[in-house]
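K.L.:
My questions are about this predicted structure, shown below with the sequence.
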Amino acid sequence: MKKVVLFILIFILFIPIVNGKSIDDLYKELEVLENQKNLYTYLSNDDIKELLNNSIDIEEIIDTLNSEINNINNIILEKEEKINKIKEEIDNFMVFNQVSKGENIYLEYIFNAESYADMIYRYMVAEQLTNYNNNLIETINKEIEELNSRKEELNKKITKLNNEREKYKELEIILKSVNTFNIDSITSTLEEDIENIKEEIKLYQSIGCTRYMDISICLNIRNSTGLNYPLIKGCVSKDYKITSHKGIDLACNKEGTNVYSAGSGVVSFITYKSNCGGNIVYIYHLINGKSYTTIYGHLLKVYVDVGDIVDENTIIGLLGGESTALINGGYDKCTNGAHLHYVVTEGFHINDFSIYTINPRYMNNFPEVLNGYFYR
């Protein structure tokens, strides 16, 4: 009988892990911003218009890449799950063989036949079992090859995404230095960014973080597997659009409704009474080993402090956006009704998050705009 050969490809492409953010990285960001502060006062209106158009083009490329990366990640997860199931089946088959002293079990099974016809039947059964296992091995090898191909494709997309983000960051700094940038529900000036980074550095130093220490390690951020909805229930009143609205608006709740942290993490920054975004809470998370920031804008009240450890059951504040709106006598010009502006970014960001935002729909299954509710 043909010998069963177990040959499974085990070479899986390495996906590079990006080093976490440190105080040293913040000092470098601070130096760049301070050097650029008054560098572009010579720009004409036509220059600024061209830069804005260029930034929009880059944003659209980034949005497309984010969508493609999300799709590839989903395919990779499905393939890894399928490979694990096939591997388990092969393992069970091989254990059975080993316990049964290899292929001797087949020979004993065949030679114990009571008749020639029975022997032929038993031989066919043994052959089918062997072929079945060989087919499993062939299938898993094919799946692993496809998985490696997808991971290679993912690496190329991520490299391209990072390059486009670097291009955009340069443009954004220039536009902020002349107080011109795309209006979003949460915005900041270059001067505010500089002060925010200084405050962030001061916070980490006060709790004992060393200059080159990974911030996630220093803050002892607990790793989790995903994000929850930041409200008990709600609807979507405005969708994510990278060129004009870098978050998702969650409404269908009255002002004063509890707002929750979307997951385990640490409160990294709080902005009070911003003229665009109102009270804003920033929370750092580690999800499956990768860093993210969630941002909660237009809060009526804030119940947490910077440095607080939170989880998905922590009430971080109350939903605002109505009484706080400028049109209703408040201070926030970027809202006209009760809602939460909810942002998800890759990495740890409190000032340069704009180009690192991803569609929150990649993390949670939100309903379409004004068409149904989500529930925690």
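P.N.:
Thanks, I have it.
K.L.:
For burial, what's the neighbour tally of Glu312?
P.N.:
17 (other C-beta atoms under 10 Å). Heads up, the C-betas are built off the backbone N, CA and C, glycines and all.
K.L.:
Show me what the residue nearest the centre of the chain is bridged to.
P.N.:
Against the mean C-alpha coordinate of the chain, by C-alpha atoms, centre = their mean, the closest residue is Glu346 at 5.3 Å. Taking DSSP bridges as the rule, Glu346 bridges to Tyr292.
K.L.:
Leaving out the residues flanking it, which one is nearest to Lys198?
P.N.:
Excluding the flanking residues, the one nearest Lys198 by C-beta to C-beta, 6 or more residues apart in numbering is Leu30, at 6.9 Å.
K.L.:
In a helix, the one you found, correct?
P.N.:
Yes. Assessed with DSSP: H, G, I helix; E, B strand; the rest coil, Leu30 lies in a helix.
K.L.:
Hmm, it is touching Ile194, no?
P.N.:
Yes. Assessed by C-beta atoms under 8 Å, Leu30 is found in contact with Ile194 at 6.6 Å.
K.L.:
pLDDT weak spots in the stretch 151-300 of the chain?
P.N.:
For the stretch 151-300 of the chain, the stretches with pLDDT under 70 are 181-185.
K.L.:
Show me the strands in it, by range?
P.N.:
Counting by DSSP state E, counting those that start in this stretch, the stretch 151-300 of the chain has strands at residues 223-224, 233-238, 248-251, 258-260, 265-274, 278-287, 290-302.
K.L.:
burial of Tyr292, as a residue count?
P.N.:
Number of residues near Tyr292 (other C-beta under 10 Å) recorded here: 24.
K.L.:
Also Cys276?
P.N.:
Around Cys276 there are 19 residues (other C-beta under 10 Å).
K.L.:
Not counting its neighbours along the chain, what's nearest it?
P.N.:
Cys334 is the one closest to Cys276 (C-beta to C-beta, 6+ apart), at 4.1 Å.
K.L.:
need the helices for this structure, in chain order.
P.N.:
Using DSSP state H, the helices of the chain run over 23-36, 45-99, 104-111, 116-177, 190-206, 215-218.
K.L.:
Turn the ones you listed into a markdown table, including distance to Ser224.
P.N.:
Formatted as a markdown table, these follow (distance: least, C-beta to C-beta, whole Å):
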| stretch | distance to Ser224 |
| --- | --- |
| helix 23-36 | 23 |
| helix 45-99 | 17 |
| helix 104-111 | 46 |
| helix 116-177 | 22 |
| helix 190-206 | 22 |
| helix 215-218 | 12 |
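K.L.:
nearest to Gly256, of those?
P.N.:
helix 190-206 (27.8 Å; C-beta to C-beta).
K.L.:
relative to helix 116-177, how tilted is the closest one?
P.N.:
Calculated by axes from the mean of the first three to the mean of the last three C-alpha atoms, to 10 degrees, helix 190-206 forms an angle of 120 degrees with helix 116-177.
K.L.:
And helix 190-206, what does it pack against?
P.N.:
The elements that helix 190-206 packs onto, with contact taken as 3 or more C-beta pairs under 8 Å, 6 or more residues apart in numbering; DSSP states H and E, are helix 23-36, helix 116-177, strand 265-274.
K.L.:
Serialize those to a markdown table and add fields for mean neighbour count and distance to Lys254.
P.N.:
What follows is the helices and strands packed on helix 190-206, written out as a markdown table (neighbours: other C-beta atoms under 10 Å; distance: least, C-beta to C-beta, whole Å):
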| stretch | mean neighbour count | distance to Lys254 |
| --- | --- | --- |
| helix 23-36 | 15 | 39 |
| helix 116-177 | 16 | 35 |
| strand 265-274 | 20 | 21 |
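K.L.:
now for these, which one comes closest to Ile201?
P.N.:
The nearest among the helices and strands packed on helix 190-206, by C-beta to C-beta, is helix 23-36 at 5.2 Å.
K.L.:
re earlier: nearest to Glu59 among the helices and strands packed on helix 190-206 would be which one?
P.N.:
Between those, helix 116-177 lies closest to Glu59; by C-beta to C-beta that is 6.7 Å.
K.L.:
Can you give the distance from the closest one to the centre of its chain?
P.N.:
21 Å (C-alpha atoms, centre = their mean, to the nearest Å).
K.L.:
Please apply the same query to stretch 164-179.
P.N.:
23 Å.
K.L.:
and the helices of the chain, which one is worst for confidence?
P.N.:
Note on those: helix 104-111 shows the lowest mean pLDDT, a mean of 57.
K.L.:
burial count for the spatially closest residue to Thr271 that is not a sequence neighbour?
P.N.:
Computed as C-beta to C-beta, 6+ apart, the closest residue to Thr271 that is not its neighbour in sequence is Ile280, at 4.2 Å. Ile280 has 25 neighbours, counted by other C-beta under 10 Å.
K.L.:
Tyr375: which of the strands of the stretch 151-300 of the chain is closest?
P.N.:
Of those, nearest to Tyr375 by C-beta to C-beta is strand 233-238, at 4.8 Å.
K.L.:
Show me which positions of that closest one end up buried.
P.N.:
For strand 233-238, the neighbour count (16 or more other C-beta atoms under 10 Å) marks 234-238 as buried.
K.L.:
same question, stretch 51-63
P.N.:
So for stretch 51-63, counting by 16+ other C-beta under 10 Å, buried means 51, 55-56, 58-59, 61-63.
K.L.:
One more: stretch 226-245?
P.N.:
227-231, 234-238, 240, 242, 245.
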